[in-house]
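Novice: Quick check, what structure comes out for this input:
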Amino acid sequence: MMSQATTVSVAPDTRTRILDLAENLLLERGYNAFSYQHIARELGVKPAAIHYHFPSKDDLGTAVVARQLRRLRKWRDLPRVADLPPTEQLEAIFKVYDSHVRQERRVCLFGALAADFLTLPTPMQAELRTFNGELTAWLAQVLAVGKATGALRFMGSPSAKAVQVLTTLAGALQVARVHDETHFHTIVGQLRLELLV
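Specialist: As a prediction, the model looks like this:
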């Protein structure tokens, strides 16, 4: 009989902890509303320790968005997502946004950064555009297959509908932040009524 492996909990390294804190602050407050001082205070270190890993806030912000892009690519390629039929892939993206609303009514990365976009460093803008572009392309493909197989219904092109759905989801998170989760669920319910056969 094989022995069971013991699970060892490993604390995240300093770089990862900095990224996690920066991401949390970015989603809660926006890019321009936090500083290295906020992160240093939370970590119990001097700001110089953060500069060691990320020489500037621009570097840190770009790293946060780049990490989200890597997560998106990993998520969409997971068999538990990639092998699903279109209706269940649509539900999978709804669940991602639902997880945001359940985390103290957080907004999504795009929603958090769109308002600050013109003040973001150029590399961070490029990463955000790539992230949004790849998410939109993935959803457009899901919608195209769903429409072709009769599992989903909508007017217009899959690309246009993908943009509309993602914009609606980002807006639903903003509305939930102002009001409560009920509004988010009402909006997602309306999307289901419009898309599902």
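Novice: which helix of this structure spans the most residues?
Specialist: Criterion DSSP state H: the longest helix present in the chain is helix 122-149.
Novice: Just the residues contacting the helix or strand just after it, thanks.
Specialist: Next helix or strand after helix 122-149 toward the C-terminus (DSSP states H and E): helix 158-178. With CB atoms under 8 Å, 6 or more residues apart in numbering as the test, helix 158-178 has contacts from 93-94, 97, 100-101, 105-108, 110-111, 114, 132, 135-137, 139-144, 147, 154-155, 183-184, 187-188, 191, 195. Where you see a C-beta, it was placed from the backbone N, CA and C, and this is true even at glycine.
Novice: so what does the longest helix of the chain touch, helix or strand wise?
Specialist: helix 57-77, helix 86-102, helix 109-114, helix 158-178 (3 or more CB pairs under 8 Å, 6 or more residues apart in numbering; DSSP states H and E).
Novice: winner for burial among the ones you listed?
Specialist: helix 109-114 (a mean of 22; mean count of other CB atoms under 10 Å).
Novice: same for that one, what does it pack against?
Specialist: helix 14-29, helix 57-77, helix 122-149, helix 158-178.
Novice: Looking at the ones you listed, which is nearest to residue 39?
Specialist: helix 14-29 (4.9 Å; CB to CB).
Novice: So which elements touch that closest one?
Specialist: Where contact means 3+ CB pairs under 8 Å, 6+ apart, helix 14-29 is packed against helix 36-43, helix 47-53, helix 57-77, helix 109-114.
Novice: Check the average confidence over the helix or strand just after the longest one, would you?
Specialist: If I follow you right, that is helix 57-77. Reading on from helix 57-77 to the C-terminus, the next helix or strand found by DSSP H and E is helix 79-82. What helix 79-82 shows for mean pLDDT is 94.
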